[in-house]
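Trainee: I would like to see how this sequence folds:
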Amino acid sequence: MTFRSPQAPKFHQRTLALRALTALLLLFLAGFLLFSSRRQDAAVSRSGFYFDTAVVLTGYGKRAETALDRGIELCERYENLLSRTKEGSDLWKINHAAGQAVEVDEETAALISRALDYASLTGGLIDPTIAPLEDLWNFTGSPAGPVPEDSAISELLAHVDYTSVIVEGNTVRLKDPKAQLDLGFIAKGYIADRLKELFLQEGLSSALIDLGGNVLAVGAKPGADGFSVGIRRPFGSRYDALRVLSLDDRSLVSSGTYERGFEENGIWYHHILNPFTGYPARTNLAQVTILSDSSAQGDALSTACFLLGADAGLDLMESIPDAEALFVLEDGSVLQTEGFPAS
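Mentor: Below you'll find the model as predicted:
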């Protein structure tokens, strides 16, 4: 005869209940961890309108929200320093000082000095004192245009001269009272670089900074080798990509004739002006795209290469380490430096 303790069934029931409870806890924990992982990998975005362009900041990870909020604050700070149209900004003060010296933020002075270096490098093809001519052409108007009179262009050309800009410490002076500064060819790239620095300081190691034609990747997208970023086809739709690249800790900047301009009498007038003629540059190029580590460098080089033209631009880019270029000619053909990725 087999002897059974009267407690055995209850013990067996408790064991089954404990196992069931353990399984439920493990299932809940697995679900929580999966949910938590998804939460950490979910994209967080902030957007605004600064520097006359739409700004979109996207980040991943638990530090994303705080870092992106600080990023938007930083964009506002630079708007208040570097916008030439915002009354009271550093650039506005310089441009309205009638040739008097103006004390500015140290970052403003440093960026102006950097802009002057690029002006010197290109022999004046890049000139930050081009602002009065840009106003004359009215590319940002609604409607834009019209084409200015030759006499009006000639009059303003006399005041386009980067050597008239004097930077001493944090003080900036325009020797020509009728000269005006515009840092549009480098400012967005500089700001993108500063945003990346801020994000890394805040512990955000995966983010994408999009300042219109300037895109800068902070690290890579979670679970991927990089961020997929398209190079827009000139005069194509916004989503018509010429190429799609994977960006990991690199910058992609494009300058092109399609970005801003107007048509008059069947001729398209774009916003990239030649400071020697006062007219839109005619270099047989539709677009230049620069791949580099620094977005400020890419910003300035994209404009410089466009103004130089494909042949001279390629020569310049081949002399610059860790930077590559893609040139799209007006007929749609493509030239590139040896290291520019195919896709």
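Trainee: surely Phe227 meets Lys221?
Mentor: Yes: assessed by C-beta atoms under 8 Å, Phe227 is found in contact with Lys221 at 4.9 Å. Where C-beta positions appear, they are placed from N, C-alpha and C, glycine not excepted.
Trainee: give me the common contacts of those two.
Mentor: The overlap between the contact sets of Phe227 and Lys221 (C-beta atoms under 8 Å, 6 or more residues apart in numbering) consists of Leu208.
Trainee: and the gap between the spatially most central residue of the chain and Thr303?
Mentor: Centroid-nearest residue in the chain, with C-alpha atoms, centre = their mean: Asn214, separated by 2.5 Å. In this view, Asn214 and Thr303 are 12 Å apart by C-beta to C-beta, to the nearest Å.
Trainee: got the contact list for Tyr50?
Mentor: Contacts were defined as C-beta under 8 Å, 6+ apart; by that measure Tyr50 touches 75-76, 78-79.
Trainee: weed out the non-buried ones from these.
Mentor: 75, 78-79 (16 or more other C-beta atoms under 10 Å).
Trainee: give me the low-pLDDT residue ranges for the stretch 51-200 of the chain?
Mentor: Across the stretch 51-200 of the chain, no stretch falls below the confidence threshold (pLDDT under 70).
Trainee: give the helix, strand or coil label for Gly189.
Mentor: Classification of Gly189 using DSSP: H, G, I helix; E, B strand; the rest coil returns helix.
Trainee: give me the neighbour count for it.
Mentor: The number of residues packed near Gly189 is 27, by other C-beta atoms under 10 Å.
Trainee: equivalent analysis for Gly99, please.
Mentor: 12.
Trainee: quick one: contacts for it?
Mentor: 173-177.
Trainee: may I ask which of those has the most neighbours?
Mentor: That'd be Leu174 among the contacts of Gly99, by other C-beta under 10 Å, with 23 neighbours.
Trainee: beta partners for it?
Mentor: Beta-bridge pairing for Leu174 (DSSP bridges): Val165.
Trainee: next one: Val102
Mentor: Val172.
Trainee: next, Phe262: secondary structure please.
Mentor: At Phe262 the chain is in strand, as set by three-state DSSP.
Trainee: check contacts around Asp322.
Mentor: Per C-beta under 8 Å, 6+ apart, neighbours of Asp322: 292-293.
Trainee: actually Tyr269, not the one I wrote
Mentor: 137, 145, 147, 261-263, 280 are the contacts of Tyr269 under C-beta under 8 Å, 6+ apart.
Trainee: with neighbour count and distance to Ala67 as added columns, please give these in a markdown table.
Mentor: What follows is the contacts of Tyr269, written out as a markdown table (neighbours: other C-beta atoms under 10 Å; distance: C-beta to C-beta, whole Å):
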| residue | neighbour count | distance to Ala67 |
| --- | --- | --- |
| Trp137 | 25 | 38 |
| Gly145 | 14 | 41 |
| Val147 | 16 | 45 |
| Gly261 | 18 | 36 |
| Phe262 | 18 | 39 |
| Glu263 | 10 | 42 |
| Pro280 | 19 | 39 |
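Trainee: of the residues you listed, closest to Asp105?
Mentor: Trp137 (29.1 Å; C-beta to C-beta).
Trainee: need the residues that contact stretch 159-178.
Mentor: Here stretch 159-178 has contacts from 94-95, 97-106, 108-109, 112-113, 115-116, 119-120, 124, 127-130, 132-133, 179-181, 275, 278, using C-beta under 8 Å, 6+ apart.
Trainee: what of stretch 191-206?
Mentor: So stretch 191-206 is contacted by 51, 57, 59-61, 63-64, 66-68, 70-71, 74-75, 78, 82, 207, 209, 211, 214, 216, 218-222, 251, 294-296 (C-beta under 8 Å, 6+ apart).
Trainee: return the set of buried residues in it.
Mentor: 191-196, 198-199, 202, 204-206.
Trainee: now those in a markdown table, with secondary structure and distance to Asp322?
Mentor: Shown next, in a markdown table, are the buried residues of stretch 191-206 (DSSP: H, G, I helix; E, B strand; the rest coil; distance: C-beta to C-beta, whole Å):
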| residue | secondary structure | distance to Asp322 |
| --- | --- | --- |
| Ile191 | helix | 21 |
| Ala192 | helix | 17 |
| Asp193 | helix | 14 |
| Arg194 | helix | 20 |
| Leu195 | helix | 20 |
| Lys196 | helix | 16 |
| Leu198 | helix | 23 |
| Phe199 | helix | 21 |
| Glu202 | coil | 26 |
| Leu204 | coil | 24 |
| Ser205 | coil | 21 |
| Ser206 | coil | 22 |
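Trainee: and which of the residues you listed is nearest Ala323?
Mentor: Distances from Ala323 to the buried residues of stretch 191-206, taken by C-beta to C-beta, are shortest for Asp193, at 14.0 Å.
Trainee: name the residue in Phe227 and Lys221 with the higher neighbour count.
Mentor: A direct count of neighbours by other C-beta under 10 Å for Phe227 and Lys221 places Phe227 higher, at 24 against 20.
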